[in-house]
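Participant: How does the following fold in three dimensions:
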Amino acid sequence: MLALLREHPNAPIYRNHSGHRLAPEEVERARQLEDEAVRAEIDWHPNQPPQWVKPFVERCLATSPFYRRYGAMPRAFTQLPTLTREDLARDMPYFVPDEVDVERLINFRTSGTSGHPLLLASHPLVAAQYLGYHKRALRRFGVRLRHGRDQVGVILLGVQSICFTYVSITPTMDDSGLAKINLHPNDWRSPDDRAKYLEAMQPEVIAGDPISFAALLDIDPRIQPAALLSTSMTLMPALCDRLRARYGCPVLDLYSMNEAGPIAVFDSAAGGHVLLQQRMYIEILDDDDQPVATGQRGEVTLTGGFNFCLPLVRYRTGDHAALERRGGDLVLIGLEGRPPVKYRRHDGRWLNNIEITHALRPLPLVQFSVHQDASGHIAVDFVGASVAESEVEHALQMLLGTETSLRVRRVAGFDRKIIQYTSALPGAQA
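Facilitator: This next block holds a predicted model:
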């Protein structure tokens, strides 16, 4: 399988080497954890920590050097301090519990958008558990993965001038193939090889972000995936509809981060992002680290997770949503990355950035940023080859009014991770 992925006549130039790194005895354990992730119930309610939270925190206080600084367990869970990305960036080694074998550690690197690059502690068994939560999300939409030996299970897409690319196998799927490829022409002997390679591999699942999926539509290979998984940034509904129509399969919008793995998957029937991890407790907090009432918006804050090298206790993600139980599901409603920002119209009325998101939903945008300067002028940059600047301008004028100073510009791409909504106006931080 590795030879096929590397040496096919249309294969890309693979730049790196990687692998699952599981020890033989860990493969069966990985299968057990996958099955648990798929079948487990998430039965707690907002603002009511499940029973496992208290012993989890007590273990963190006893075994993790960072949390030992807290001292004894406080009387109430909400008296524990909160964490931020800055804490992880500054003190990462001290989060790793004493009993973790440091010889087996691996790491994930992430730059993010908050100015605090992260080098995250992880483990081969942690990396293997992503598949279980992806399977849980896929089964919600009727997809059960079946590819095994001599088949390519997953291809991960990127589009960057420099991209980490490699081939591997998935031992819990009978050594089915896995590859991370870069759709940028720099990594191919011929641009036509991109479609030919994907057609030859016929992966069961393709994972990427809106940027790489937009490139996939441009390349237009003749493939029949069982599902597409979108991560890293917001997938606009119009682009999702185009992908679904082209490939005739479910397109899943995953809320996932390197700090915590797959957290939730969007389901329009549920009205938001449905939680996936049975050992992840989520609070919605105000600016004073206190839980808001059920159904109110606040900052998504995490406790628990499956990364035993990086236990999280009240980790503020910087993302905002409300949390409700709807039927058998816990659902993040109106999930928006980064803090909410207000924008001022020409008539002085303020609008929340989520209203801009809603106004642009009908357009198949890949990525966009919105900034209002100190004079009130709003500048919008977007990526989306099939969208005209006039369409974006019209959608925003319907919301902001034609007299609001507005500039809309289509760009080829962003050379960095962006903060989607920003403003220089006083009072703009909602």
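
Participant: got the phi/psi numbers for residue 197?
Facilitator: Main-chain dihedrals, residue 197, degrees, to the nearest 10: phi -70, psi -50.

Participant: Confirm for me that it is in contact with residue 10.
Facilitator: Yes - contact status for residue 197 versus residue 10: in contact at 4.2 Å, counting by CB atoms under 8 Å. Every residue, glycine included, has its C-beta placed from N, CA and C.

Participant: which of the two has more neighbours?
Facilitator: Taking neighbours as other CB atoms under 10 Å, residue 197 and residue 10 compare with residue 197 leading, 20 against 17.

Participant: Report the contact partners of that one.
Facilitator: By CB atoms under 8 Å, 6 or more residues apart in numbering, the contact set of residue 197 is 8, 10, 11, 12, 181.

Participant: Mind doing that once more with 10 Å?
Facilitator: 5, 8, 9, 10, 11, 12, 155, 179, 181, 188, 221 (CB atoms under 10 Å, 6 or more residues apart in numbering).

Participant: and if you look at residue 49?
Facilitator: 56, 57, 76, 77, 78, 281, 283, 303, 304.

Participant: just the buried members of the residues you listed?
Facilitator: Neighbour counting by 16 or more other CB atoms under 10 Å classes 56, 57, 77, 281, 283, 303, 304 among the contacts of residue 49 as buried.

Participant: low-scoring stretches of the stretch 1-150 of the chain, by residue?
Facilitator: Within the stretch 1-150 of the chain, the segments meeting pLDDT under 70 span 110-117.

Participant: all strands for it, in order.
Facilitator: 106-110, 118-122 (DSSP state E, counting those that start in this stretch).

Participant: Mind giving me the packing neighbours of the longest strand anywhere in the chain?
Facilitator: Of all segments of type strand in the chain, defined using DSSP state E, the longest is strand 312-326. Applying 3 or more CB pairs under 10 Å, 6 or more residues apart in numbering; DSSP states H and E, one finds that strand 312-326 contacts helix 53-63, helix 85-95, strand 251-257, strand 261-267, strand 272-275, strand 280-285, strand 298-304, strand 329-336.

Participant: returning to what we had before: ok, the buried ones among the contacts of residue 49 vs residue 374, which is closest?
Facilitator: Of all the buried ones among the contacts of residue 49, residue 374 sits closest to residue 283, with 34.7 Å by CB to CB.

Participant: Tell me the spatial nearest neighbour of that closest one, not counting adjacent residues.
Facilitator: The spatial neighbour of residue 283 that comes closest, neighbours along the chain excluded (CB to CB, 6 or more residues apart in numbering), is residue 301 at 4.4 Å.

Participant: Also residue 72?
Facilitator: Of all residues not flanking residue 72 in the chain, residue 61 sits nearest, at 7.4 Å (CB to CB, 6+ apart).

Participant: Same question for residue 62.
Facilitator: Leaving aside its chain neighbours, residue 62 sits nearest to residue 68 (7.4 Å; criterion: CB to CB, 6+ apart).

Participant: Kindly report the same for residue 187.
Facilitator: residue 12 (4.7 Å).

Participant: now residue 387
Facilitator: Leaving out its chain neighbours, the residue that sits closest to residue 387 by CB to CB, 6+ apart is residue 363, at 5.2 Å.

Participant: Who are the contact partners of residue 37?
Facilitator: Listed by CB under 10 Å, 6+ apart, the contact partners of residue 37 are 129-137, 262, 276-279, 306.

Participant: related to what we said a few turns ago, reformat the helices and strands packed on strand 312-326 as CSV; add distance to residue 398.
Facilitator: Shown next, in CSV, are the helices and strands packed on strand 312-326 (distance: least, CB to CB, whole Å):
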stretch, distance to residue 398
helix 53-63, 45
helix 85-95, 36
strand 251-257, 25
strand 261-267, 25
strand 272-275, 25
strand 280-285, 31
strand 298-304, 29
strand 329-336, 20
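
Participant: Among the ones you listed, which comes closest to residue 225?
Facilitator: Across the helices and strands packed on strand 312-326, residue 225 has its closest neighbour in strand 251-257 (9.8 Å, CB to CB).

Participant: Each with direction, which strands does that closest one pair with?
Facilitator: If you go by DSSP bridges, strand 251-257 pairs up with strand 227-230 (parallel), strand 261-267 (antiparallel).

Participant: possible to save those strands as a markdown table with mean neighbour count, mean pLDDT and distance to residue 425?
Facilitator: A markdown table is the format used below for the strands paired with strand 251-257 (neighbours: other CB atoms under 10 Å; pLDDT from 0 to 100; distance: least, CB to CB, whole Å):
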| stretch | mean neighbour count | mean pLDDT | distance to residue 425 |
| --- | --- | --- | --- |
| strand 227-230 | 23 | 96 | 32 |
| strand 261-267 | 23 | 96 | 31 |
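
Participant: Residue 316: which of the ones you listed is closest?
Facilitator: Closest to residue 316 of these is strand 261-267 (CB to CB; 13.7 Å).

Participant: Okay, angle between the closest one and strand 118-122 too, please.
Facilitator: 100 degrees (axes from the mean of the first three to the mean of the last three CA atoms, to 10 degrees).

Participant: just checking, the residue nearest to residue 62 touches residue 61?
Facilitator: Yes - under the criterion of CB atoms under 10 Å, residue 68 makes contact with residue 61 at 6.3 Å.

Participant: got the contact list for the closest residue in space to residue 175 that isn't next to it in sequence?
Facilitator: Leaving aside its sequence neighbours, residue 175 sits nearest to residue 169 (CB to CB, 6+ apart; 4.5 Å). The contact partners of residue 169, by CB under 10 Å, 6+ apart, come to 1-2, 5, 19-20, 149, 152-153, 175-179.

Participant: same question, residue 38
Facilitator: Residues near residue 38 by CB under 10 Å, 6+ apart: 131, 132, 133, 134, 135, 136, 137, 138, 139, 144, 276.

Participant: how about the helices of the stretch 101-250 of the chain, start to end?
Facilitator: Counting by DSSP state H, counting those that start in this stretch, one finds helices in the stretch 101-250 of the chain at the ranges 124-128, 130-140, 193-201, 210-219, 237-247.

Participant: Turn the ones you listed into JSON lines, including distance to residue 388.
Facilitator: Formatted as JSON lines, the helices of the stretch 101-250 of the chain follow (distance: least, CB to CB, whole Å):
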{"stretch": "helix 124-128", "distance to residue 388": "42"}
{"stretch": "helix 130-140", "distance to residue 388": "34"}
{"stretch": "helix 193-201", "distance to residue 388": "26"}
{"stretch": "helix 210-219", "distance to residue 388": "15"}
{"stretch": "helix 237-247", "distance to residue 388": "13"}
